[in-house]
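Novice: I'll drop the sequence and a predicted model, then ask my questions.
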Amino acid sequence: MNASGQLAVVAEEYWDGLLAAEPLRATAIGDRRFDDRLPDISPQGRARKEHFLEDVLTRALGIPSGELTGGDVVTRSTLITEVERRLAQLRCGVDEWSVDPLAGPQVSFLNVESFQPVRTPTEAQAMVTRWRGMGRFVDQHIANLKDSLGANKIAVRECVQKVIEELEDLKAKPDGAWALIKPLAVAHEDWAEEERAKFREGLASAVRESIRPAFERYLEVLRKEMLPRSREPDRPGIMHVAGGADSYARLIHVYTSLELSPEEIHETGMREVVRIRHELAQLGEKVFGVGDHADLLRKLRTDPELYFQTPDEVRAKAESALARAKAAIPQWFGRLPKADCVVVTMGEHEEKHSTIAYYRQPAADGSRRGSYFVNTSAPETRPRYEAEALAYHESIPGHHLQLALMQELTHLPAFRRHSGVTAFIEGWGLYSERLADTMGLYSSNLDRIGMLSYDAWRACRLVVDTGMHARGWSRQAAIDFMYENTALAMNNIENEVDRYITWPGQALAYKTGQMELLRLRDEARRRLGPRFDIRAFHDVLLGNGALDLRTLAAMVEAHIAS
């Protein structure tokens, strides 16, 4: 078999093996082969996954690059980078000791029903089997937390406390009010009554006998064993965990795909904060006649006219921004996705401690549209002026445009269509917020203030993430810095800082990626002059999957040269 054939085999076996190890990911992208499974996060399961990744890496490195041409060269390089990143993240083991209020099982499991539709009795049985397995997964997580205690690895008190609150809220609700029971609301009138009864009884008993008891066990362990020994908020960074400094260095590369030091990133963030503050002052003077930074932030935070009043208003603003963006994109992109994007209200089980919004990509089989999930809780704390920037980041021209298009690049191997470097994916989302301004999508200068505040927020991420994880900042110092340099409401800031604590390094991807995309666009425009075509440039960026930033730069260079 020639080198190209070897590469195709390794790439396919890698993706199939990864989906088998991460079956929830498979279901989310529309691959229904593993609907009855959950990840094995036991030490034995982690070891099997590590061995699998090591084997793929050895085989990929063994393919002679000199015998490859065209896209195969990029595929081999991308496969090696992807597997190295996954190995590094797995070996850091943050998930083994983390107690996560944003994406822990008490939240993520309740979201599964929203991307696992049940259409047949076979799919119903797969769901029941998966639901029954959730108790075992939670017990594996508990065992990992207990083992990590002996290695001086434990979560921060505030994160533990938030998960306790989430579990207490779940415990107080009857089974019928849990999102895990929602699939039973579908009538399935074409099924035999025996099949419908089997599904009802199976799902209800799985929640009653497996999931609820496991969550109660998790709650007791957090209360009695984790909370008393959790880290104080003055030591939130991974640097205070055994092996943390080395892990953070590796995680920086995992999320940015670049060789950057915490010091470089911190300084870049500080420069960006100062630059954006100057822009914000100029726009604040124009809109409110307020140029002083502290006075402007006070105005943005305290004027009730600048905030929503009802959840319906939050959703309506998101829908109107998305509709405006859909109408505008043909002038800015040559290739457009076939999959649609819709606004979805975030579930009650996650909204309290979740971020302000997120995106879920469509199912590859066309069974589910792209979804822009918006948090409509406590609308009086959600600024009107930030809603448009948020929509353009999460939906169009942001995550939906990039991720839905990526899925439709059928000439690429599956792993390149469904995964990629965070700095590209989140960098594109942040790039889109500024691009939307160039596209004329913002309704007013007030909405553009939201764009600048969001840009400052991502610059602050560079500062506070490195501050906590590499410089020893306290949780409160991180909160204070973001409060002083963005217009975000305090509830959002606290949730954001706890997110950075839980996911070390992930927050670095946004601004790092955005700055590189802007640099590449400026370089292409400078060198091509009147021949520069923004639609062609965007098609180059989005036409090869979510590449690491160095490979992306090479692709843009080839575009300029051609």
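Specialist: Alright, I've got the coordinates. Numbering: from 1, shown residues only.
Novice: in this structure, which residue is most central in space?
Specialist: The residue lying closest to the centre of the chain (C-alpha atoms, centre = their mean) is Tyr358, at 7.2 Å.
Novice: bridging residues for it?
Specialist: Beta bridges link Tyr358 to Phe373, judged by DSSP bridges.
Novice: go ahead and confirm it touches Leu390.
Specialist: No: if you go by C-beta atoms under 8 Å, Tyr358 and Leu390 don't touch, sitting 10.3 Å apart. Yep, even glycine has a C-beta here, placed from its N, CA and C like the rest.
Novice: mind checking how far the residue nearest to the centre of the chain is from Lys326?
Specialist: 19 Å (C-beta to C-beta, to the nearest Å).
Novice: before we move on, what about Asn485?
Specialist: 33 Å.
Novice: more neighbours, those two?
Specialist: Asn485 (24 against 17; other C-beta atoms under 10 Å).
Novice: all strands of the protein, in order?
Specialist: 341-345, 357-360, 370-374 (DSSP state E).
Novice: comparing the ones you listed, which stretch has the densest surroundings?
Specialist: Comparing the strands of the chain by mean neighbour count (mean count of other C-beta atoms under 10 Å), strand 370-374 ranks first with a mean of 24.
Novice: packing partners for that one?
Specialist: helix 311-328, strand 341-345, strand 357-360, helix 387-394, helix 399-407 (3 or more C-beta pairs under 8 Å, 6 or more residues apart in numbering; DSSP states H and E).
Novice: swap the cut-off to 10 Å and go again
Specialist: Counting contacts by 3 or more C-beta pairs under 10 Å, 6 or more residues apart in numbering; DSSP states H and E, strand 370-374 packs against helix 311-328, strand 341-345, helix 348-351, strand 357-360, helix 387-394, helix 399-407.
Novice: hey, least reliable of those by pLDDT?
Specialist: Lowest mean pLDDT of these: helix 348-351, a mean of 74.
Novice: off-centre distance for that one?
Specialist: On the basis of C-alpha atoms, centre = their mean, to the nearest Å, helix 348-351 sits 17 Å off its chain's mean C-alpha point.
Novice: now do the buried residues in it.
Specialist: Using 16 or more other C-beta atoms under 10 Å as the test for burial, helix 348-351 gives 349-351.
Novice: could those go into JSON lines alongside distance to Met127?
Specialist: As requested, these are exported to JSON lines (distance: C-beta to C-beta, whole Å):
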{"residue": "His349", "distance to Met127": "18"}
{"residue": "Glu350", "distance to Met127": "20"}
{"residue": "Glu351", "distance to Met127": "24"}
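Novice: around Lys299, count how many other residues there are.
Specialist: 17.
Novice: what of Gly93?
Specialist: Counted with other C-beta under 10 Å, Gly93 comes out at 17.
Novice: residues contacting the closest residue to Arg200 other than its chain neighbours?
Specialist: Excluding the flanking residues, the one nearest Arg200 by C-beta to C-beta, 6 or more residues apart in numbering is Leu184, at 5.7 Å. Leu184 makes contact with 113, 118, 124, 176, 196, 199-200, 203-204, according to C-beta atoms under 10 Å, 6 or more residues apart in numbering.
Novice: equivalent analysis for Met127, please.
Specialist: Applying C-beta under 10 Å, 6+ apart, the residues near Met127 are 27, 35-36, 112-113, 116-118, 180, 183, 199, 202-203, 206.
Novice: which among the residues you listed end up buried?
Specialist: Neighbour-count burial (16+ other C-beta under 10 Å) applied to these gives 27, 35-36, 112-113, 116-118, 180, 183, 199, 202-203, 206.
Novice: those in helices, which ones?
Specialist: Those of those mapping onto helices are 27, 199, 202-203, 206, per DSSP state H.
Novice: ok, the residues you listed vs Leu528, which is closest?
Specialist: Distance to Leu528, by C-beta to C-beta, is smallest for Thr27 among those, at 43.2 Å.
Novice: re the thing from before, shared neighbours, Tyr358 and Leu390?
Specialist: Common neighbours of Tyr358 and Leu390 (C-beta under 10 Å, 6+ apart) are 372, 374-375.
Novice: mind giving me a markdown table with those residues and columns for distance to Val464 and pLDDT?
Specialist: Below are the shared contacts of Tyr358 and Leu390 laid out as a markdown table (distance: C-beta to C-beta, whole Å; pLDDT from 0 to 100):
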| residue | distance to Val464 | pLDDT |
| --- | --- | --- |
| Tyr372 | 26 | 96 |
| Val374 | 24 | 94 |
| Asn375 | 21 | 93 |
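Novice: closest to Ala423 among these?
Specialist: Tyr372 (21.5 Å).
Novice: was I right to think that closest one contacts Ala323?
Specialist: No: look at Tyr372 against Ala323 with C-beta atoms under 10 Å: they stay out of range, at 11.8 Å.
Novice: what residues are shared contacts of those two?
Specialist: 343, 391, 396.
Novice: just put the contacts of Leu184 in a markdown table and tack on pLDDT and distance to Leu170.
Specialist: Below are the contacts of Leu184 laid out as a markdown table (pLDDT from 0 to 100; distance: C-beta to C-beta, whole Å):
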| residue | pLDDT | distance to Leu170 |
| --- | --- | --- |
| Glu113 | 95 | 15 |
| Val118 | 96 | 22 |
| Ala124 | 98 | 23 |
| Gly176 | 95 | 13 |
| Arg196 | 96 | 26 |
| Phe199 | 98 | 22 |
| Arg200 | 97 | 21 |
| Leu203 | 98 | 16 |
| Ala204 | 97 | 16 |
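Novice: thinking again about what came up before, for Met468, which of the helices and strands packed on strand 370-374 is the nearest?
Specialist: Closest among these, using C-beta to C-beta: strand 357-360, at 22.2 Å.
Novice: what about that closest one, distance to the chain center?
Specialist: Remark: strand 357-360 is offset 8 Å from the chain centroid, using C-alpha atoms, centre = their mean.
Novice: sorry, back to before: and Asp465, which of the strands of the chain is closest to it?
Specialist: Here strand 357-360 is closest among the strands of the chain (C-beta to C-beta), at 18.5 Å.
Novice: list the contacts for the closest residue to Pro330 other than its chain neighbours?
Specialist: Leaving out its chain neighbours, the residue that sits closest to Pro330 by C-beta to C-beta, 6+ apart is Leu336, at 6.7 Å. Taking C-beta under 10 Å, 6+ apart, we find Leu336 in contact with 326, 329-330, 396, 401, 404-405, 408.
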